[in-house]
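In: Below is the structure, and that's it, no one-letter string:
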């Protein structure tokens, strides 16, 4: 089918993606995707990265796009392959990550026979997709791929394109592919922004809840200037796709995860201004605790929609409040570098592990934080660390950290990725270590090894269960047997070592962070 | 909530499951399931088995029920947790395995706030569920659990019960729980069965395609007698939930996986009688190959529906054909034991590995075969092995073998499980090894280690792509770096060793199969 002047749907799909600037495909293909694999094979300008499990594929595509600021494609195998990737697609959707999720399906005429792998892919894809399409003719696939791209970058979010096998192998009309343009952001509603400024000038405490595009360096400097001028407090959402932070940037706290703490922070706020953030709600419901976290006597105001220009809205808000943007140099609000951060010694704890990772962060690092309960100390300890990007789990679907790190490293080969990773969560997508090894990715993984779902032990107490027995213990702890992290790393082809003291952890981190390839450290806490 | 006379929805759900005889729960809970965990904790008669990934949970529940002949419960955490379990639920549904799939969700009143973990669970669950319900009131949960049980055992298949957190923690009326009865099988349509007998007496070749309940020892003996009397051929479906086979039982072949081979086998058959089997269709579609595998000039006849009594239908068919059930002792049709099976020596191949595993199978073993392309030699080599149960992947969703084996071992603690496992497929649910170790399960895992998706290399050739380059090679092979299976096993707490020759494999198998706990052998082929 690669004879001159002949082409097929799979090739058209590849060419359309490439025309849109998509040059990276995270893949775990199967039989129904073989023509797509064949097409990719004839397009060496597309980098294909194999994951041995689909959750690695989708999580890596998320991490890639958070750094590359453009979508990668995935390639998944029918309904079950998609299902395996859904948990991290959920996170990507919540992170507003642009992602083109290509899912192979049976040939259209084969579906009616209910072959073993047949399933309702649309029903599976819909909850985790912002856009869903299905290849309808080999000649149409190029246009549909472009449409998926446009949906992915303009929502932004997950665009799932289902590609039946006969749409891939079917003969298509050749011809040039004209790429679509990225749609322009809408201008913000000036009247609404000015009304928010007037609201902020009224008596009472204002909280600026900051998320999405607003926790990047430039926007955050403007937010800080607005807060300073207006006397408002500002704080980031609990979970963020990407915060630009560290020395020389504006430090920002995060709204606490625990409902009581978040409610306490927001108590008495006459208004909460959502700056590319969602309304603050409890991560879970608890008996006798509220779902909505802001003060019920206060009001909520949304500065922009996701398809509106945030920079313009912030500039307008600043202007409306009389912020002098010339004078409002951010320098006096940014974190000074910390020339001699503490390096705790002796037996490791969760807190000392976090302090040491923060102290030894390389310049321009990318931190993927899925440390869950054990890593709470990292964020406050790293305001003055060298400048870095800070990526979090956004949808609560654990098992994102290692894939996210792999994808970020693919996007930024000249930067060091540091994954601060809870042990329980790591196990959901442990196969990401192999992709790190295969691609020689510059990732340092620090496993916070406490051999339990500590957050669930905490949540058991939260719901009022203080004493529990064998059945609960066996669902909350995995200390019998303990995971052997050095074995797991070696199994996937990644070098590793164990640290039980601060001194050893510091030595290992220095060595790991100066390597070219991956390294895993088990921090026994 | 466990004060005298008080109870809650979670406790009612547990008590209802226990009343139905469900005493095993495979679990990977999260915060929204903490009250259910608390309830399980107060019911030590329920065995709780933790999986570190949800695909382990659902695959183990499938393996358990295939042997225990009754459902286990699962416990999964909201939409993403369910998503991670869907691939093996797909296999369970295709295997017609009874399974009660309990999925926690946010409290009902919390859903509207679109908290980070919120998703459309129903849309995710529907494709892989035969029955879908949602806890609607703490007082109703016991009845809904019983209804889920009835659906699971009578379909049989996957019954998904979504349990919102407030339905679990909400106060419920105490009181006795009256279990439901298993619904009786319907009597088969005698006229239809007799018509099939008349059809079989017409000229032309008859193929009995045998599946489901019909590949168990008693039914299969009857099928063989019917085939002998009528001159029909009989063959099992390509993928089977559980075949009872080995020395002293009727040997049966399997319809080939490859479309051309299956079409060749069925060519010229004037009729195919489906005995608890599905109509034969291609696993995948291929350009210029048929979807339907039977001879287009022949006819298809279905002996029974899944809710009809198969034994009665077979007896009636035998009677209609004049089979003398007294004389028709199966003994002359069963495999004689093989006193000295061959033990190939020297460097291992896929075929010699299969031959050695077959030769050294322990009496009454349970074989979980997810060997995909490398294990084709096992089935023909093991007709005369000691009697064993033979479990396969049924829905084509790879990553079932290790969880299936773990669940089977939980169901049958006095039998040895032997997993014949392809390396690529093993990686989707590798965390099952930890559950083997945690529960000290009697599982021997033999990894057919060829460091590639060999079936996909075959399929590339199948779709006409004979030569391929770097991009395709990197999606079809995982030899760089190779997986270190001893590291992976040790990482999960399972002892292991590597075999590169037949002699070593035989020694390791003898030692492994005589242990109490798990052991993994990497067979380098």
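Out: Now that the structure is in, tell me what you want to look at. Source: prediction; values computed, not measured.

In: What residue spans form the domains of chain A?
Out: Following automatic domain parsing, chain A resolves into domains at A:7-172, A:190-333, A:350-524.

In: Any part of the top helix by length along chain A near chain B?
Out: Ranked by residue count under DSSP state H, the longest helix found in chain A is helix A:78-94. Yes. Between helix A:78-94 and chain B, judged by CB under 8 Å from any CB of the partner chain, the touching residues are A:79, A:80, A:81, A:83, A:84, A:86, A:87, A:90, A:94. (Each C-beta comes from the backbone N, C-alpha and C, glycine too.)

In: can you list contacts of whichever strand or helix holds residue A:152?
Out: Counting by DSSP states H and E, the secondary-structure element that holds residue A:152 is helix A:141-154. The set of residues external to helix A:141-154 that reach it, using CB atoms under 8 Å, 6 or more residues apart in numbering or on different chains, is A:9-10, A:12-13, A:15-17, A:19-20, A:22, A:70-71, A:98-100, A:130-131, A:133, A:135-136, A:157-161, A:163, A:167-168, A:172, A:177, A:179-180, A:182-183, A:307.

In: now it, how far from the centre of its chain.
Out: Computed by CA atoms, centre = their mean, to the nearest Å, the chain-centroid distance of helix A:141-154 equals 21 Å.

In: Stretch A:78-92 too?
Out: Chain-centre distance of stretch A:78-92: 14 Å, with CA atoms, centre = their mean.

In: Just say helix, strand or coil for the residue lying closest to residue A:134 once chain neighbours are set aside.
Out: Closest residue to residue A:134 apart from its sequence neighbours, by CB to CB, 6 or more residues apart in numbering or on different chains: residue A:162 at 4.4 Å. For residue A:162, the secondary structure call by DSSP: H, G, I helix; E, B strand; the rest coil comes out as strand.

In: related to what we said a few turns ago, orientation of the helix holding residue A:152 relative to helix A:78-94 in degrees?
Out: Angle, helix A:141-154 to helix A:78-94, by axes from the mean of the first three to the mean of the last three CA atoms, to 10 degrees: 30 degrees.

In: Got a quick ChimeraX command for the buried subset of the contacts of helix A:141-154?
Out: This is the ChimeraX syntax for the buried subset of those, where burial follows 16 or more other CB atoms under 10 Å in any protein chain shown:
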select /A:9,10,12,13,15,16,17,19,20,22,70,71,98,99,100,130,131,133,135,157,158,159,160,161,163,167,168,172,177,180
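
In: Which of the contacts of helix A:141-154 fall within helices?
Out: A:9, A:10, A:12, A:13, A:15, A:16, A:17, A:19, A:167, A:168.

In: pLDDT score assigned to the first one?
Out: Meaning residue A:9. On pLDDT, residue A:9 comes in at 97.

In: Not counting its neighbours along the chain, what's nearest it?
Out: residue A:138 (3.5 Å).

In: That neighbour against residue A:8, yeah?
Out: Yes. The criterion here is CB atoms under 8 Å, and residue A:138 meets it with residue A:8 at 6.1 Å.

In: Could you please give me the overlap between the contact lists of those two?
Out: A:168, A:170, A:171, A:172.

In: Can you add pLDDT and distance to residue A:282 and give those back as CSV?
Out: What follows is the shared contacts of residue A:138 and residue A:8, written out as CSV (pLDDT from 0 to 100; distance: CB to CB, whole Å):
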residue, pLDDT, distance to residue A:282
A:168, 97, 44
A:170, 97, 49
A:171, 97, 54
A:172, 97, 50
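
In: Remind me what the lowest-mean-pLDDT helix or strand in chain A packs against, helices and strands.
Out: When the helices and strands of chain A are scored by mean pLDDT, DSSP states H and E, helix A:454-462 comes last with a mean of 87. In terms of contacts (3 or more CB pairs under 8 Å, 6 or more residues apart in numbering or on different chains; DSSP states H and E), helix A:454-462 is packed against helix A:470-476, helix B:34-41.

In: Name the stretch among these that sits most buried.
Out: helix B:34-41 (a mean of 27; mean count of other CB atoms under 10 Å in any protein chain shown).

In: Tell me where the stretch 151-300 of chain A has helices.
Out: Assigned by DSSP state H, counting those that start in this stretch, the stretch 151-300 of chain A shows helices spanning A:165-169, A:190-200, A:217-230, A:259-266.

In: how about the ones you listed in TSV, adding distance to chain B?
Out: Putting the helices of the stretch 151-300 of chain A into TSV (distance: least, CB to the nearest CB, whole Å) gives the following:
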stretch	distance to chain B
helix A:165-169	6
helix A:190-200	22
helix A:217-230	22
helix A:259-266	11
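
In: Now the two most distant members of the shared contacts of residue A:138 and residue A:8.
Out: Of all pairs drawn from those, the greatest distance, 11.1 Å, lies between A:168 and A:171 (CB to CB).

In: Please, which helix or strand holds residue A:426?
Out: helix A:423-426.

In: neighbours of residue A:173, just the number please.
Out: Residue A:173 sits with 10 neighbouring residues when counted by other CB atoms under 10 Å in any protein chain shown.

In: one step back: which of the shared contacts of residue A:138 and residue A:8 fall within strands?
Out: Cross-referencing those against strands under DSSP state E gives A:171, A:172.

In: could the shared contacts of residue A:138 and residue A:8 be laid out in CSV, adding distance to residue B:348?
Out: Converted to CSV, these look like this (distance: CB to CB, whole Å):
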residue, distance to residue B:348
A:168, 37
A:170, 42
A:171, 44
A:172, 45
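
In: Kindly report the residues of the stretch 151-300 of chain A close to chain B.
Out: So far as CB under 8 Å from any CB goes, the stretch 151-300 of chain A lies against chain B at A:165-166, A:169, A:239, A:278-279, A:281-285, A:287, A:291-292.

In: Excluding chain neighbours, what is closest to residue A:387?
Out: Distance criterion CB to CB, 6+ apart; nearest residue to residue A:387, sequence neighbours excluded, is residue A:246 at 3.8 Å.

In: got a pLDDT number for the one you found?
Out: On the pLDDT scale, residue A:246 is placed at 97.

In: can you pull the contacts of it?
Out: Taking CB under 8 Å, 6+ apart as the test, what residue A:246 contacts is A:335, A:361, A:382, A:383, A:384, A:385, A:386, A:387, A:388.

In: cool, and residue A:256?
Out: For residue A:256, the contact set (CB under 8 Å, 6+ apart) comprises A:238, A:262, A:265.

In: ranking those by neighbours, who comes first?
Out: For these, the largest number of neighbours (other CB under 10 Å) sits with residue A:262, at 22 neighbours.

In: Contact partners for that one?
Out: A:238, A:255, A:256, A:280, A:282, A:293.

In: Give me the distance between the third one and residue B:401.
Out: The gap separating residue A:256 from residue B:401 is 43 Å, by CB to CB, to the nearest Å.

In: quick one, phi/psi of the closest residue to residue A:130 other than its chain neighbours?
Out: Of all residues not flanking residue A:130 in the chain, residue A:157 sits nearest, at 3.4 Å (CB to CB, 6+ apart). Main-chain dihedrals, residue A:157, degrees, to the nearest 10: phi 170, psi -160.

In: What of residue A:301?
Out: The phi/psi pair for residue A:301 (degrees, to the nearest 10) reads phi -140, psi 130.

In: got it, and the one 10 residues further on?
Out: Dihedral angles phi and psi of residue A:311 (degrees, to the nearest 10) take the values phi -60, psi -40.

In: ok, the residue lying closest to it once chain neighbours are set aside - contacts?
Out: Distance criterion CB to CB, 6+ apart; nearest residue to residue A:311, sequence neighbours excluded, is residue A:219 at 6.7 Å. By CB under 8 Å, 6+ apart, residue A:219 lies in contact with A:213, A:276, A:310, A:311, A:314.
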